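Visitor: Quick one, what's the 3D model for this:
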Amino acid sequence: MKKTKIALVTVGHYIYFAQFEGLREELMKKSAEFARYIDGDKYEIFDAGYIDNAEAAFGAVRELKKADADLLFVLLSTYVPSAVCAPFARYLDIPQVLVAIQPLDHLDYSHTTTYMQLANDDVCAMPEIAGVYGRMGKKIPPCIVAASSQRERIGREVEGWLAAANAMAAFKYETIGYLGHTYEGMYDMHSDPTAFTAAFGAHVKMIEICELARLSEAVTEAEIDEQIEEIKGIFEICDPSVDPLTDYVQREDLVYSARQAAALKTLVKNNGLCALAYYYKSEPNNPYEQLAANLIIGNTLLTSSGTPLAGEADLKTAASMLIMKAVGGGGSFAEIHPFDVGDDVVLIGHDGPHNTAIAEGRPRLRKLKKYHGKSGSGIGVEFSLKSGPVTLLSINTDANGKFRMIAAEGESLPGEIPQTGNTNTRVSFGGDVCGFLERWCEAGPTHHLALGVGHHLETLRKLSRISGIELIEVK
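Guide: All right, here's what the predicted structure looks like:
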């Protein structure tokens, strides 16, 4: 699995070093101290070294271009002329963060020497450097300013930027599959693949249902048996509920769904997909009708293991799910369901692709005689997300085709949900659920969204800043 690459460069001012013995060596230590905030098991770190003049900065730029990092932290170690940082602004087309971490909480004013001031002058040049980025027509980088003792503050800020970079890197040089077509009449689902690649960077690959059918036919009995064992180990198989659409799950139902699950895994692997949006209606009694109707278990297994699948060929929600996965929220395919004014909650769920890794308790399987609004019949997945904080993320486009994120934070509450073979999570937004739903709809999302665990608005704000994709927050 690829790691997001994080680059560091530490900058200073060469003139000081002939004047103050030992100062350069002391300032150079700041890079290693900052690197401790980056988990080397999770991220790849590239250190471009200590740069103290413009000519050395040009050399560092060349090395950084070769490194092809996903995020650059520019560490200010003392006052730095902006010419030292200008090459990073001019030549590097990657997100950058300016960092000024002062070693001391405050100077010992009655005993302060010039050497001591210079060693703590990290923030001095930050306004100058930020302004030069702006003068060059570049985004002014976000800034981190703290004393070294403020470890919690620094760690929180750094981890937020790392998570945002992780979300951008999830699309970098990747391929997202697009199988079939959008559900007829859902205008909000339509996406322009070229515009998608321009915004997110991933290639959108068109995949034919006949490829999946060919892979399905090639699945062996041994693969089916192995897949059934995996399914039984994850899911509780339920009897019919009060809903007359539900039925008993028979052995042949499991065999057929297991065959398609194995085929889906191979499809994703063969095409090198990081995510997949799919929907296939089929003509009645077409051989592909039942195949397309029995992908729910397979797409749930893939989504749960880290390859998001979005139903109804919703490419934008596939992107939302990939972002939610990258920031640590998991991300399950969902939409707004009926609300409860008594408990002030709304049910949020869907049929189709789900993420059992963030389920509350053991997820359940129910046989459905028919899928509402869709052709065919098969097995549905039913569960709620874990109780606790959750984040909603939807991606849509404006009238000019520009992508934007719409997000909100809420709370998943325990409680009863319908036994209809769909996911449903009881979500509270702190009261007045109807008022929240009004504000959510007025923000212009798609009717689908990625529902993930944890609160991630702060990280999404950072993602918006470094990606240029607008974020609308609904509260």
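
Visitor: Longest helix in this protein, please.
Guide: helix 251-271 (DSSP state H).

Visitor: What angle do helix 251-271 and the helix or strand that that helix is followed by make with each other?
Guide: Proceeding N to C from helix 251-271, the next assigned helix or strand is strand 273-279, under DSSP states H and E. Strand 273-279 and helix 251-271 meet at an angle of 130 degrees, taking axes from the mean of the first three to the mean of the last three CA atoms, to 10 degrees as the criterion.

Visitor: Apart from its neighbours in sequence, what residue is nearest A357?
Guide: Once flanking residues are discounted, A357 sits nearest to S304: 4.8 Å by CB to CB, 6 or more residues apart in numbering. C-beta coordinates here come from the backbone N, C-alpha and C atoms, glycine included.

Visitor: And for M126?
Guide: A100 (5.3 Å).

Visitor: Could you pull up the residues touching that neighbour?
Guide: Listed by CB atoms under 8 Å, 6 or more residues apart in numbering, the contact set of A100 reads L76, D122, V123, M126, C143, I144, V145, A146.

Visitor: G272 is in contact with T175, isn't it?
Guide: Yes. Counting by CB atoms under 8 Å, G272 touches T175, with 5.4 Å between them.

Visitor: So for the two, which sits in the more crowded spot?
Guide: T175 (16 against 11; other CB atoms under 10 Å).

Visitor: quick one: buried residues of the longest helix of the chain?
Guide: Buried residues in helix 251-271, counting neighbours by 16 or more other CB atoms under 10 Å, are found at 253-254, 256-268.

Visitor: now for those, which pair is the farthest apart?
Guide: The largest separation in the buried residues of helix 251-271, counting by CB to CB, is between D253 and V268 at 22.8 Å.

Visitor: Show residues contacting stretch 425-441.
Guide: By CB under 8 Å, 6+ apart, stretch 425-441 touches 334, 336, 339-341, 343-349, 384-385, 390, 392, 406, 408, 410-415, 417, 451, 474-475.

Visitor: Those, buried ones only, as a PyMOL selection?
Guide: Those of the contacts of stretch 425-441 that count as buried under 16+ other CB under 10 Å are selected in PyMOL with:
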select buried, resi 334+336+339+344+345+346+347+348+349+384+385+390+392+406+408+410+412+413+417+451+474
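
Visitor: Inside strands: which ones of the contacts of stretch 425-441?
Guide: Residues of the contacts of stretch 425-441 located in strands (DSSP state E): 334, 336, 339-340, 345-349, 390, 392, 406, 408, 410-413, 451.

Visitor: circling back to that earlier point, helix or strand for the residue nearest to M126, just tell me which one.
Guide: strand 96-102.

Visitor: Partner strands of that strand, with direction?
Guide: strand 71-76 (parallel), strand 143-147 (parallel) (DSSP bridges).

Visitor: Out of the ones you listed, which is closest to E208?
Guide: That would be strand 71-76 among those, by CB to CB, at 37.0 Å.

Visitor: tell me which residues in the helix or strand just after that closest one are buried?
Guide: Following strand 71-76 in sequence order, the next helix or strand is helix 86-91 (DSSP H and E). Neighbour counts over helix 86-91 (16+ other CB under 10 Å) mark A86, P87, F88, A89 as buried.

Visitor: pretty sure the first one is in contact with V132, am I right?
Guide: Meaning A86. Yes. Look at A86 against V132 with CB under 8 Å: they come within range, at 5.6 Å.

Visitor: which strands and helices sit next to the helix or strand following the strand holding A100?
Guide: Note on strand 96-102: by DSSP H and E, the next helix or strand toward the C-terminus is helix 114-119. If you count contacts as 3 or more CB pairs under 8 Å, 6 or more residues apart in numbering; DSSP states H and E, helix 114-119 packs onto helix 23-35.

Visitor: Can you list the buried residues in the helix or strand following the helix it packs on?
Guide: Going down the chain from helix 23-35, the next helix or strand is strand 43-51, by DSSP H and E. Using 16+ other CB under 10 Å as the test for burial, strand 43-51 gives Y43, F46, D47, A48, Y50, I51.

Visitor: likewise stretch 141-153?
Guide: Buried residues in stretch 141-153, counted by 16+ other CB under 10 Å: P141, P142, C143, I144, V145, A146, A147, S148.

Visitor: Now do the contacts for the residue lying closest to the first one once chain neighbours are set aside.
Guide: By that I understand P141. Once flanking residues are discounted, P141 sits nearest to Q96: 4.5 Å by CB to CB, 6+ apart. Listed by CB under 8 Å, 6+ apart, the contact partners of Q96 are L71, L72, F73, V74, F88, A89, P141.

Visitor: All good on my end, thank you.
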